[in-house]
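S.K.: Take a look and give me a structure for this.
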Amino acid sequence: MPPTSPSRLVGQPLLYAISVFASLGVFLANAEHPLSSSSGTIKGKQPIASMLRACQDSRLTCCVNASVMSGVITGPHFRKYFNEPGPVEVGTMVAVLEIGAFVTSVAAGQVGDIIGRRGTLFSGAVVFAIGGAIQTFTPGFWVMVFGRIISGLGVGLLSTIVPIYQSEISPPNHRGALACMEFTGNIFGYASSVWIDYFCSFIDSDLAWRIPLFIQCVIGAILAIGSLVMPESPRWLIDVDRDEEGMRVISDLHGGDPEDLLAKAEFQEIKDRVMFERESGEGRTYANMWKRYKRRVLLAMSSQAFAQLNGINVISYYAPRVFEEAGWIGRDAILMTGINSIIYILSTLPPWILVDRWGRRVILLSGAVIMAVSLGFTGWWMYIDVPETPKAVVFCVIIFNAAFGYSWGPIPWLYPPEIMPLTVRAKGVSLSTATNWAFNFLVGWMTPLLQEIIEWRLYPMHGFFCICSFILVYFLYPETKGVPLEEMDAVFGEEELEEQLEDEASERGSLLSQQSSRSRRGHGRNPSKGLELARMNSSAVEGDNPGALPRRPSPVVHSNGSDDDDD
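M.R.: Numbering: from 1, shown residues only. Model prediction:
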């Protein structure tokens, strides 16, 4: 990767340009998920649609690849080319992407720390484009499966690193809005893929499925090329002692003036935090992360787990079927799904303004309530099974998608990189992203079975999970609105732990001083040397020694905007 160079754009134009461009990463991921209504348009093929659910919404996560596949797999030319594949073959083609994504989402934490956020973004885009090319020009089934695995590897890297990169370049008062813009790009990818499926359905040849697959290659290539000129995360640069480059990026984000006081203050705050974590002996391994930040890791993972358990997969699966039951058949069903996707996009716009005003908790709590009610009514309408049921469920689906789009869609991707400290941020977010993929796979494969066993009760069951998520957020999720990343310890009440580490260092210095004093008396050592050792120990305790634990660098800014000085 070339070194970070000054950008022509500076300040907010640079910040928003980066945000919009980085959203291509999740745009790609969601286009790879089979969300299109065409998965339910083949009569007698519901098992195939059920298998498609295995790759449904990884945040509806890396968009273009997913939804494209739903229309592709059920198209007549695709099915003819692959000799009418059965449910097992179709399910394999779809689900292997998630296997690849799960693997690299776990590894992305280590990769992101080694080659940087920008390098990981570039690598993910290249791998994704290669996988898409293999799928586009596939000569047969197993080559298609191989291409899907390769694309999945790229999706895992992109879906992990984009939220990290986004959070690390964003100022506290705009961090939520920028992350929500990223999610809008994600859903825009989903909607784009649905409309691509719709227009390509008019093509009477193999190009009907090859063109949609090729489009994802083009977007992947654009992202890869663009990542070469994007600035690196300043926090990663400072963490690897590339301070000059880090300061340059920070000054660009603050308007381009290297003498800007706010830019200098932000640089110093990040540097102080890096030095504290480094000199306190805080390890970067998964084991050390789990030992010290267990609560944060569990909260990050739970947010992604409930993003899946709250029913988005199930509702998205039912939508195409209910559109058919309401009278929209074949291509018209795809058209209805496209219209629904536009409403979905619109629902992701309010958080741009609200997330940094209301905060994360209010949005998650309100979304959980609306989703629970929508799922409850969905199950009820299916239970009574009256002529109005199809249209009523269409309405419930739209309300549910809108609620998910403004709450449990974007926030679980914003929250984990916010709450994890810099030293283990990539690893913590990789675990939360892997949780998303794992539960996405689990829910996708369990849904067809549960629909057969418990039927309409499946929807209230996911409504119950929405209630559980409400309780979890209400009692356990702290608000992170407006809090600088370097000051999250105060939000989690972990300042006392840092003070304990400092006190332990002081005690070690005192013990060393006493031991040296006894050694002088017992062995008749040179008093001047003993005095010098005592001074060194005293200096270490006071924090003058470069090897001593640094004091916590800055006052805490709480979510209500008040400042607390260190005790």
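S.K.: For the rest of this, base every contact and every neighbour count on C-alpha atoms.
M.R.: Noted.
S.K.: what about the helices in the stretch 401-550 of the chain?
M.R.: If DSSP state H, counting those that start in this stretch is used as the criterion, the helices of the stretch 401-550 of the chain fall at 411-419, 425-453, 458-476, 488-491, 495-523, 527-542.
S.K.: which of these has the lowest average pLDDT?
M.R.: For the helices of the stretch 401-550 of the chain, the weakest mean pLDDT is recorded on helix 527-542, namely a mean of 38.
S.K.: Glu244 - how many residues pack around it?
M.R.: Glu244: 12 surrounding residues under other CA atoms under 10 Å.
S.K.: low-confidence ranges in the stretch 1-150 of the chain?
M.R.: Counting by pLDDT under 70, the stretch 1-150 of the chain shows low-confidence ranges at 1-9, 11, 16, 19-71, 74.
S.K.: in it, which spans are helices?
M.R.: 11-30, 46-52, 64-74, 76-81, 87-136, 141-169.
S.K.: mind giving me the domain split of this structure?
M.R.: 21-275+287-488, 494-564 (automatic domain parsing).
S.K.: how about those domains, which one is nearest Leu14?
M.R.: domain 21-275+287-488 (6.6 Å; CA to CA).
S.K.: thinking again about what came up before, of all the domains of the chain, which one is nearest Pro13?
M.R.: Of those, nearest to Pro13 by CA to CA is domain 21-275+287-488, at 8.7 Å.
S.K.: Let me know which of the helices of the stretch 1-150 of the chain is tucked in deepest.
M.R.: Burial of these is given as mean neighbour count (mean count of other CA atoms under 10 Å); helix 64-74 ranks first at a mean of 30.
S.K.: nearest spatial neighbour of the residue nearest the centre of the chain, skipping sequence neighbours?
M.R.: Taking CA atoms, centre = their mean, the centroid of the chain lies closest to Trp413, which sits 3.7 Å from it. Closest residue in space to Trp413, ignoring its immediate chain neighbours: Pro163 at 6.2 Å, by CA to CA, 6 or more residues apart in numbering.
S.K.: Give me the secondary structure label for Asp204.
M.R.: Under DSSP: H, G, I helix; E, B strand; the rest coil, Asp204 falls in the coil class.
S.K.: who are the neighbours in contact with it?
M.R.: His77 (CA atoms under 8 Å, 6 or more residues apart in numbering).
S.K.: Can I get the domains of the chain in a markdown table including distance to Val10?
M.R.: Shown next, in a markdown table, are the domains of the chain (distance: least, CA to CA, whole Å):
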| stretch | distance to Val10 |
| --- | --- |
| domain 21-275+287-488 | 5 |
| domain 494-564 | 26 |
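S.K.: right, so the ones you listed: which one is the most enclosed?
M.R.: Highest mean neighbour count among the domains of the chain (mean count of other CA under 10 Å): domain 21-275+287-488, with a mean of 22.
S.K.: so the residue nearest to the centre of the chain touches Val162, yeah?
M.R.: No. The pair Trp413 / Val162 is not scored as a contact, 9.3 Å apart, by CA atoms under 8 Å.
S.K.: about what we covered before: output the helices of the stretch 1-150 of the chain in TSV, with distance to Met371 appended to each entry.
M.R.: What follows is the helices of the stretch 1-150 of the chain, written out as TSV (distance: least, CA to CA, whole Å):
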stretch	distance to Met371
helix 11-30	21
helix 46-52	22
helix 64-74	22
helix 76-81	35
helix 87-136	25
helix 141-169	24
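S.K.: nearest to Val443, of these?
M.R.: Among the helices of the stretch 1-150 of the chain, the nearest to Val443 by CA to CA is helix 46-52 (11.0 Å).
S.K.: Could you point out the helix or strand that follows the host helix or strand of Ser192?
M.R.: For Ser192, the element it lies in under DSSP states H and E is helix 175-200. Per DSSP H and E, the first helix or strand lying C-terminal to helix 175-200 is helix 207-227.
S.K.: Let's test this: mean pLDDT of that next one, rounded?
M.R.: Helix 207-227 comes out at a mean pLDDT of 88.
S.K.: elements contacting that helix?
M.R.: Where contact means 3 or more CA pairs under 8 Å, 6 or more residues apart in numbering; DSSP states H and E, helix 207-227 is packed against helix 11-30, helix 64-74, helix 76-81, helix 87-136, helix 175-200.
S.K.: how about the residue nearest to Cys217 when sequence neighbours are not counted, what does it touch?
M.R.: The shortest distance from Cys217 to any non-neighbouring residue, by CA to CA, 6+ apart, is to Ala129 (4.4 Å). Applying CA under 8 Å, 6+ apart to Ala129 gives the contacts 151, 216-221.
S.K.: now His462
M.R.: Taking CA under 8 Å, 6+ apart, we find His462 in contact with 309-311, 372, 375.
S.K.: Return the item of those having minimum pLDDT.
M.R.: pLDDT across the contacts of His462 is lowest for Gly311, at 90.
S.K.: where's that residue relative to Leu458, distance?
M.R.: Relative to Leu458, Gly311 is positioned 9 Å away (CA to CA, to the nearest Å).
S.K.: ok, now Gly124?
M.R.: 36 Å.
S.K.: what do you get for Phe439?
M.R.: Distance from Phe439 to Leu458, by CA to CA: 16 Å.
S.K.: got it, and Gly152?
M.R.: Taken as CA to CA, the span from Gly152 to Leu458 is 29 Å.
S.K.: same question, Thr423
M.R.: Counting by CA to CA, the gap from Thr423 to Leu458 is 41 Å.
S.K.: same deal with Phe78?
M.R.: Noted for Phe78: a distance of 32 Å to Leu458, by CA to CA.
S.K.: Over to Gly405?
M.R.: From Gly405 to Leu458 the distance is 21 Å (CA to CA).
S.K.: What of Glu494?
M.R.: Going from Glu494 to Leu458 by CA to CA gives 40 Å.
S.K.: Equivalent analysis for Trp209, please.
M.R.: Taking CA to CA, one finds Trp209 at 33 Å from Leu458.
S.K.: mind listing what Ala426 touches?
M.R.: With contact taken as CA under 8 Å, 6+ apart, Ala426 is in contact with 108-110, 112-113, 160-161, 164, 417.
S.K.: circling back to that earlier point, out of the contacts of His462, flag the one nearest to Phe276.
M.R.: The closest of the contacts of His462 to Phe276 turns out to be Leu309 (CA to CA; 38.1 Å).
S.K.: How about the backbone phi and psi for Met230?
M.R.: The phi and psi values for Met230, taken as degrees, to the nearest 10, are phi -70, psi 150.
S.K.: Hmm, it is touching Ile18, no?
M.R.: Yes. Counting by CA under 8 Å, Met230 touches Ile18, with 7.0 Å between them.
S.K.: Helices of the stretch 201-350 of the chain, residue ranges please.
M.R.: Per DSSP H, counting those that start in this stretch, the stretch 201-350 of the chain carries helices over the ranges 207-227, 234-239, 243-253, 261-279, 286-309, 312-325, 331-347, 350-354.
S.K.: Can you tell me which of those helices is nearest to Pro172?
M.R.: Smallest distance to Pro172 across the helices of the stretch 201-350 of the chain (CA to CA): 11.1 Å, for helix 261-279.
S.K.: Who are the packing partners of that closest one?
M.R.: For helix 261-279, the packing partners by 3+ CA pairs under 8 Å, 6+ apart are helix 234-239, helix 243-253.
S.K.: got the CA positions of the last one in CSV?
M.R.: The C-alpha coordinates for helix 243-253 follow below in CSV (Å, rounded to 0.1, in the frame of the first residue of the first chain):
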residue,chain,number,x,y,z
ASP,A,243,2.6,9.8,14.0
GLU,A,244,3.4,12.3,11.3
GLU,A,245,1.0,10.6,8.8
GLY,A,246,-1.6,10.3,11.5
MET,A,247,-1.4,14.0,12.3
ARG,A,248,-1.6,14.8,8.6
VAL,A,249,-4.9,12.8,8.3
ILE,A,250,-6.3,14.4,11.4
SER,A,251,-5.5,17.9,10.2
ASP,A,252,-7.1,17.1,6.8
LEU,A,253,-10.3,16.0,8.6
